[in-house]
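Participant: coords below, sequence missing:
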């Protein structure tokens, strides 16, 4: 493992990448170049798939628009006719999709193992709640110690508070990136994990800002299906655009081999910081949405358990695939609701099964380990969704059915 | 401050001096004191200690507590540092081995009525076996895959152990049956030294010396050191690296078990999530000392333990932030000397 990475620098110069490296020393501008040098460096041509969408852009755009419109119709239908429980699940799915997609950007695409989304979520939730609560409500909530002055008077609209939540989370991420990305790899995991613990400690102790263990109550329930799915779709769009840009290609290069990427004049520190800050922004905004969905927040809500759930989502979906993150988020959020059956008493054929609280997490952790051991690429691997692939798949199934009928 | 309240806090403070750096979490006193306003707390502390009027007995007392805690962190950190040195893997499940050892010892004494020395030995042996099992079952199949996969598996194993504990045993904390040998305390020059602290110190010294001997003087130790340099070459030299790695896991887990039993006697509440925070802090200690270095891990543990206790003792008002000190120390270390105090420069 160690030998390989030191060897890579030399391997780089022995390959055909060398001319390209001199021609374009400052960034990788085309996908083909990136593909060439990553393939050359690691001999892993399978990491980058051929993107077939370019062949028929008009058709793909039309299909995307139609499916989006169908989805919006579905949302409208759900909003008008679904029960509270189903709407709550749909909202949860939207928020967790946002979180998983942004978490995948740092963990899967950039390959930096962060364990801090719960911290950024907490920061976002607290920031946005403190900004939207009315001054009278704040006076009523802060019974132990009064809220500090400037915050106690401020009250802004919901969208502004969501943006502010993202900005505050992103600023903290930027501060954290400076010490952490000076060293490589695993330290990020521990520092971000520790940061999550510290945020909880701070939220419990800075009573005059966070109201301590009591948390904040009576938040206006602004988050509805339109808000959550609107922000979610916007996030997916931004992340997809980012991943397909030259920045995104730099991120993938850093994931594959940092030494080689730096040899290609990619500023690894800046690339990692960008991914980390961007994902923190999204996580902060998601925190704001979550707070206004459940209307009550307290420090105990933002434990490491949240991060663990997100990790399962992106691992099941396929580390490094945005589509996979979306699929994972939907499956785990929905599946988590279905698995509640294990925790409640059920009677089957006269035999009463006593529900075991905590069984869900056992199932999830076994699932995570099994996926890691036997199906490491998850559902999507590093593939992304494309209409062409879907159509090809449909053709295959059609042929199969015709042959067997 | 009214006199009745002052008297009450004088009693509380005496309790603190006798039994630990801070008030035990969950005790009535802790809540009462925590819920006082900042003004009352500072007024009280000034009344008892006085600004600039440092009580040296008090300071020595805190150093004793800090050393005890530091030794416990050190014992855990050695396991982390060895596994990280050999595999470049943060074994997140290491903290949960502490929990496992505590439960094994607890059930051995309470349910199977085994005499405690035997139960402790059994606990160490079984925990070492669990360590080997985790390595063989979960880490060995993914040894040649990217490091991120190994980390995710480690987190999965850690959660699995915690939640299995929760489902199988239940979340209610159980009181650890501390043998009478470890209770009581000696008073030397006005400083109370709990017997347990002496035991912790002795056990740590003996185990640390043992591990250093194994790593520096034996063949397995030599293989371990070689593995941390270059796994492929070691394999080519005809060494069965799986056996060496299993041995590393067994050694680290055994140390975690020893640390876990001592931890339980100091903080006698056994519950499924008890290993999380000590585990994290022990990793921080390993980083402070320089990851990959055994003596560095012990030193890092001492620094961390002393730091935590002394900071809380000097600024009692910050006791709520005690868990945050470790991570602030980690960030400072990363900013100033990323390789830790005794660490060598790691190859990339």
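Facilitator: Structure received. All of these numbers come straight from a predicted model, not from anything done at the bench.
Participant: Remind me which helix or strand the spatially closest residue to residue A:336 that is not a sequence neighbour belongs to.
Facilitator: On the basis of C-beta to C-beta, 6 or more residues apart in numbering or on different chains, the spatially nearest residue to residue A:336 that is not a chain neighbour turns out to be residue A:360, at 6.5 Å. (C-beta placed from N, C-alpha, C; glycine too.) With secondary structure defined by DSSP states H and E, residue A:360 is part of helix A:359-374.
Participant: Return the per-residue confidence for the residue nearest to residue A:336.
Facilitator: Looking at residue A:360, its pLDDT stands at 84.
Participant: do the same with the one 10 residues further on
Facilitator: At residue A:370, the model reports a pLDDT of 91.
Participant: mean confidence score for the helix or strand just after the helix holding residue A:360?
Facilitator: Next in sequence after helix A:359-374, counting helices and strands by DSSP H and E, comes helix A:387-404. For helix A:387-404, the per-residue pLDDT values average out at 88.
Participant: starting at the chain centroid, how far to helix A:387-404?
Facilitator: Relative to the mean C-alpha coordinate of its chain, helix A:387-404 is positioned 32 Å out (C-alpha atoms, centre = their mean, to the nearest Å).
Participant: Could you do stretch B:278-285 as well?
Facilitator: Remark: stretch B:278-285 is offset 7 Å from the chain centroid, using C-alpha atoms, centre = their mean.
Participant: now do stretch B:299-310
Facilitator: What separates the centre of stretch B:299-310 from the centre of its chain is 11 Å, taken as C-alpha atoms, centre = their mean.
Participant: touching chain A at all, it?
Facilitator: No: under the criterion of C-beta under 8 Å from any C-beta of the partner chain, chain A is not reached by stretch B:299-310; the shortest gap measures 12.3 Å.
Participant: what does that stretch contact?
Facilitator: Stretch B:299-310 has contacts (C-beta atoms under 8 Å, 6 or more residues apart in numbering or on different chains) with B:21, B:62-63, B:65-77, B:281-282, B:284-290, B:322, B:325-326, B:329, B:340-342.
Participant: Which of the three states applies to the residue in chain A positioned nearest to chain B?
Facilitator: Using C-beta to the nearest C-beta, the point where chain A gets nearest to chain B is residue A:194, with a distance of 3.5 Å. At residue A:194 the chain is in helix, as set by DSSP: H, G, I helix; E, B strand; the rest coil.
Participant: Going by contacts, tell me the helices and strands next to the helix holding residue A:360.
Facilitator: Helices and strands touching helix A:359-374, as assessed by 3 or more C-beta pairs under 8 Å, 6 or more residues apart in numbering or on different chains; DSSP states H and E, comprise helix A:304-317, helix A:322-338, helix B:147-169.
Participant: switch the cut-off to 7 Å
Facilitator: In terms of contacts (3 or more C-beta pairs under 7 Å, 6 or more residues apart in numbering or on different chains; DSSP states H and E), helix A:359-374 is packed against helix A:304-317, helix B:147-169.
Participant: So which bits of the last one are buried?
Facilitator: Same thing as helix B:147-169. For helix B:147-169, burial by neighbour count (16 or more other C-beta atoms under 10 Å in any protein chain shown) applies to B:147-167, B:169.
Participant: Among the residues you listed, which ones lie close to chain A?
Facilitator: B:147-149, B:151-153, B:155-157, B:159-160, B:163-164, B:166-167 (C-beta under 7 Å from any C-beta of the partner chain).
Participant: coming back round to it: what comes into contact with the helix holding residue A:360?
Facilitator: With C-beta atoms under 7 Å, 6 or more residues apart in numbering or on different chains as the contact definition, helix A:359-374 has outside contacts at A:312, A:315-316, A:336, A:339, A:342-343, A:378, B:138, B:141-142, B:149, B:152-153, B:156-157, B:159-160, B:163-164, B:167.
Participant: Please, which helix or strand holds the residue of chain B found nearest chain A?
Facilitator: Using C-beta to the nearest C-beta, residue B:327 is the residue of chain B that sits closest to chain A, at 3.5 Å. With the criterion set as DSSP H and E, the secondary-structure element containing residue B:327 is helix B:322-336.
Participant: That helix packs against which elements?
Facilitator: By contact count (3+ C-beta pairs under 7 Å, 6+ apart), the secondary structure elements abutting helix B:322-336 are helix A:158-180, helix A:186-205, helix B:276-289, helix B:294-314.
Participant: Quickly list the domain ranges of chain A.
Facilitator: Partitioning chain A according to automatic domain parsing yields domains covering residues A:1-46, A:59-305.
Participant: Tell me which of these sits most buried.
Facilitator: Between these, domain A:59-305 has the highest mean count of neighbours, a mean of 20, where neighbours are mean count of other C-beta atoms under 10 Å in any protein chain shown.
Participant: Give the rounded mean pLDDT of it.
Facilitator: Averaged across domain A:59-305, pLDDT comes to 90.
Participant: Could you tell me how far the residue most central in space within chain B is located from residue B:118?
Facilitator: When chain B is reduced to its mean C-alpha position, the closest residue under C-alpha atoms, centre = their mean turns out to be residue B:73, at 3.1 Å. Residue B:73 sits 27 Å away from residue B:118, going by C-beta to C-beta, to the nearest Å.
Participant: If you drop the residues flanking it in sequence, what lies closest to residue A:188?
Facilitator: Once flanking residues are discounted, residue A:188 sits nearest to residue A:180: 5.1 Å by C-beta to C-beta, 6+ apart.
Participant: from memory that neighbour sits against residue A:189, does it?
Facilitator: No: between residue A:180 and residue A:189 there is no contact, the gap being 9.7 Å when judged by C-beta atoms under 7 Å.
Participant: wait, doesn't residue A:269 sit right on residue A:181?
Facilitator: Yes: counting by C-beta under 7 Å, a contact exists between residue A:269 and residue A:181, whose distance comes to 5.3 Å.
Participant: Show me what the helix or strand hosting residue A:71 is in contact with.
Facilitator: Using DSSP H and E, residue A:71 maps to helix A:57-81. The contact list for helix A:57-81 (C-beta under 7 Å, 6+ apart) reads A:53, A:86, A:87, A:90, A:225, A:229, A:387.
Participant: With secondary structure and distance to chain B added, can I get those residues in a markdown table?
Facilitator: What follows is the contacts of helix A:57-81, written out as a markdown table (DSSP: H, G, I helix; E, B strand; the rest coil; distance: C-beta to the nearest C-beta, whole Å):
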| residue | secondary structure | distance to chain B |
| --- | --- | --- |
| A:53 | helix | 28 |
| A:86 | helix | 28 |
| A:87 | helix | 30 |
| A:90 | helix | 27 |
| A:225 | helix | 32 |
| A:229 | helix | 29 |
| A:387 | helix | 30 |
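Participant: what does chain B have sitting close to chain A?
Facilitator: Contact residues of chain B with respect to chain A, defined by C-beta under 7 Å from any C-beta, are listed as B:88, B:90, B:138, B:141-142, B:145, B:147-149, B:151-153, B:155-157, B:159-160, B:163-164, B:166-167, B:230-232, B:280, B:283, B:320-321, B:323-324, B:327, B:330-331, B:334-335, B:338, B:347-348.
Participant: same for the longest helix along chain B, what does it pack against?
Facilitator: If each helix of chain B is counted by residues according to DSSP state H, the longest one is helix B:56-87. Helix B:56-87 sits against helix B:94-110, strand B:191-194, helix B:195-217, helix B:219-229, helix B:241-266, helix B:276-289, helix B:294-314, with contacts defined as 3+ C-beta pairs under 7 Å, 6+ apart.
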